[in-house]
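model the structure of this input:
(chains A and B)
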Amino acid sequence: MQDEPSPEELIKAVADFLRNDIAPQIGGHHAFKLRVSINALDLVARQLKLEQGSDAAEAARLSQILGTQGSLGELNKVLADRIAKGELDLQTPGLARHLWQTTMEKLAVDQPNYASYKRELAK
Amino acid sequence: MQALLGDCVASWYPGASGVTGAVRLSGGASQETWSFDIVHPDGNVGAILRRAPQGYGAAPSRAAGLNAEASLMQLAHEAGLPSPRVMHLLQPQDRLGTGFIMERVDGETIPRKILRDEQFSQARPLLARQLGKVLAGIHGLPLTQLPKLRRMTAAKEITELERDYRSFEWPRPVFELALRWLQERDPGPPAEVTLVHGDFRHGNLIIGPDGVRAVLDWELAHLGDPMEDLGWICVNSWRFGEIDKPVGGFGSREELFAGYQAAGRRVDADRVMFWEVMGTLRWGVMCCGMMQRFRTGPEHSIERAMIGRRSSETEIDLLRLLSPRQP
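Residues are numbered from 1 along each chain as shown, chains lettered A, B, ... in the order given. Below is the predicted model of the structure:
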């Protein structure tokens, strides 16, 4: 077992330092790149926090829809192939709900401020 | 750069003694854009250089080429459309690569400013209708005068998107669903094949307090279904948070269509919706592509890496289009 602080705590500390102490001193193109860099660290922190739970739930849904077991990557590959072949579509029970759930979980990590996401979150 | 530009300008602009204030503008990875002022006794003249980059470019197979871009801009300018006048096509003796120099049009291209700043508050309600009229003008340019361009169809576009997506080897069930949806609803050839701008959206439109002043970046121009341009500008990715205003975050489809029809052209709303779905998927695939170039190409930048994490935005937008949820 690795010791504390956790990766999430360390990344948050770095992101906060860059945001609060460094960003105000930087201008021009580097300011833009720094903002994107801080966004990247924030994203990683969200992923570290949320990924385990959402991955487990996603794998469980996929196993049920596809009737097979496998890693999350393998299951998503099978789902993609079967949609491409027309074997599964939006009429397939549970598929639309699964895709919505999975996409919402991606947005929660990637872009929680995206307007479409916030609108759907309120539904 | 300034010295090269000065020599170049002096060779074709009577009375010009050089250039000043040359700066490279951010933007296009596939093309370089420079802004500068031509120094002239009657007063300085703002100009823009657009030229092929040294080395790496984006999706060269899709690009119309800089000479075609220059002639399209000039044709649009002569037809009275908001388009900068082309001043000079680069020649080998200019030693500036390939490209052209055009007049600089003042105004704003940054979406968040256009959508929020007070100085554009009068323009915003007019823009969708204005852009409809501009698109009608572009689609009405006579085919016989156009440079050689790709002929694109919905089927070809779907095939190219599918090939690009598969090359990433990363499963995206929502993209698969969108590809199937598009294949099943391909509307076939349009009633009329026209010039299509191909990238008519925020960033490529110069806006002033009075409305649209110039259409830029004809890199993706081709021949095809005119409804493609109307669908592309409605893609949610160009609404910048104003998701209830489908046209660029400032207007409605009805206003866009009204401007288009008032200029004497017909709208096929079903085709526009088809192309909006295509455009949403296309932007998603482009986001993945930029991430791939971050991995394999010379541009190992954090911006490119992070764009890969924007493809999920297009997935939620595709679901909102193909499988909307009730509130």
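
how close does the residue of chain A most remote from its centre sit to residue B:16?
Relative to the centre of chain A, the most outlying C-alpha is that of residue A:25, 31.0 Å out, by CA atoms, centre = their mean. As defined by CB to CB, to the nearest Å, residue A:25 lies at a distance of 41 Å from residue B:16. C-beta coordinates here come from the backbone N, C-alpha and C atoms, glycine included.

try residue A:87
If you measure residue A:87 against residue B:16 using CB to CB, the figure is 67 Å.

okay, those two: which has more neighbours?
Remark: of residue A:87 and residue B:16, residue B:16 carries more neighbours, 19 against 9, as counted by other CB atoms under 10 Å in any protein chain shown.

that one contacts residue B:41, correct?
No: using CB atoms under 8 Å, residue B:16 is not in contact with residue B:41; the gap is 9.1 Å.

other SSEs contacting the host helix or strand of residue B:161?
Counting by DSSP states H and E, the element that carries residue B:161 is helix B:154-167. When contacts are defined as 3 or more CB pairs under 8 Å, 6 or more residues apart in numbering or on different chains; DSSP states H and E, helix B:154-167 sits against helix B:173-185, helix B:269-296.

wait, which of these is closest to chain A?
Shortest separation from chain A across the helices and strands packed on helix B:154-167 is recorded for helix B:173-185, at 4.0 Å, computed as CB to the nearest CB.

for the closest one, buried residues please.
By neighbour count, with 16 or more other CB atoms under 10 Å in any protein chain shown as the criterion, the buried positions of helix B:173-185 are B:173-182.

buried set for stretch B:225-239?
Neighbour counts over stretch B:225-239 (16+ other CB under 10 Å) mark B:225-239 as buried.

ok, the residue nearest the centre of chain B - contacts?
With the centre of chain B defined as its mean C-alpha position, the nearest residue by CA atoms, centre = their mean is residue B:199, 2.7 Å away. Contacts were defined as CB atoms under 8 Å, 6 or more residues apart in numbering or on different chains; by that measure residue B:199 touches B:217-220, B:232.

any idea how far it is from residue A:46?
Summarising the geometry, the distance separating residue B:199 from residue A:46, computed by CB to CB, is 32 Å.

could you do residue B:173 as well?
Between residue B:173 and residue A:46 the distance is 22 Å, computed by CB to CB.

residue ranges of each domain in chain B, please.
Listed domain ranges for chain B are B:10-103, B:111-322 (source: automatic domain parsing).

dump those to a markdown table, plus mean pLDDT and distance to residue A:106.
Putting these into a markdown table (pLDDT from 0 to 100; distance: least, CB to CB, whole Å) gives the following:
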| stretch | mean pLDDT | distance to residue A:106 |
| --- | --- | --- |
| domain B:10-103 | 86 | 25 |
| domain B:111-322 | 96 | 4 |
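
picking up where we left off before, which of the buried residues of helix B:173-185 come close to chain A?
B:173-174, B:176-177, B:179-180 (CB under 8 Å from any CB of the partner chain).

can you give me the strands for the stretch 51-200 of chain B?
In the stretch 51-200 of chain B, strands defined by DSSP state E, counting those that start in this stretch lie at B:86-89, B:99-103, B:194-196, listed in chain order.

who in chain A is up against chain B?
Taking CB under 8 Å from any CB as the test, the list of chain A residues beside chain B reads A:29, A:33, A:36-37, A:39-40, A:43, A:73, A:76-77, A:79-80, A:83-84, A:86, A:89-90, A:96, A:99-100, A:102-104, A:106-107, A:110-111, A:114-117, A:119-120, A:123.

list the contacts for residue B:132?
By CB under 8 Å, 6+ apart, residue B:132 lies in contact with B:230, B:255-263.

could you redo the last one with a cut-off of 6 Å?
Taking CB atoms under 6 Å, 6 or more residues apart in numbering or on different chains as the criterion, residue B:132 is in contact with B:256, B:259-260.

which residue ranges of chain B form helices?
Secondary structure of chain B, counting by DSSP state H: helices at B:2-12, B:66-78, B:111-116, B:124-139, B:154-167, B:173-185, B:227-232, B:253-262, B:269-296, B:302-307, B:311-322.

need the winner for burial among those helices.
helix B:227-232 (a mean of 26; mean count of other CB atoms under 10 Å in any protein chain shown).

and it, what does it pack against?
Using 3 or more CB pairs under 6 Å, 6 or more residues apart in numbering or on different chains; DSSP states H and E as the contact test, the elements touching helix B:227-232 are helix B:269-296.

do you know how far residue B:133 is from residue B:278?
For residue B:133, the distance to residue B:278 equals 24 Å [CB to CB].

now do residue A:56
35 Å.

ok, residue B:241 next?
Between residue B:241 and residue B:278 the distance is 23 Å, computed by CB to CB.

with residue A:50 instead?
The gap separating residue A:50 from residue B:278 is 31 Å, by CB to CB.

for residue B:189, which non-adjacent residue is closest in space?
Across the structure, with CB to CB, 6 or more residues apart in numbering or on different chains as the measure, the residue nearest residue B:189 apart from its sequence neighbours is residue B:153 (6.7 Å).

ok, how many other residues are close to that neighbour?
For residue B:153, the neighbour count with other CB under 10 Å is 16.

do the same with residue A:118
Burial of residue A:118 is recorded as 14 neighbouring residues (other CB under 10 Å).

and the helix or strand encompassing it, what's buried?
When secondary structure is defined by DSSP H and E, residue A:118 falls within helix A:115-121. Neighbour counts over helix A:115-121 (16+ other CB under 10 Å) mark A:115-117, A:120 as buried.

centre of the chain to that helix, how far?
Averaging C-alpha positions (CA atoms, centre = their mean, to the nearest Å) puts helix A:115-121 15 Å from its chain's average.

contacts for it, please.
So helix A:115-121 is in contact with A:107, B:241, B:243, B:316-317, going by CB under 6 Å, 6+ apart.

please redo it, this time with the cut-off set to 7 Å
By CB atoms under 7 Å, 6 or more residues apart in numbering or on different chains, the list of residues contacting helix A:115-121 from outside reads A:104, A:107, A:111, B:236, B:241, B:243, B:316-317, B:320, B:325.
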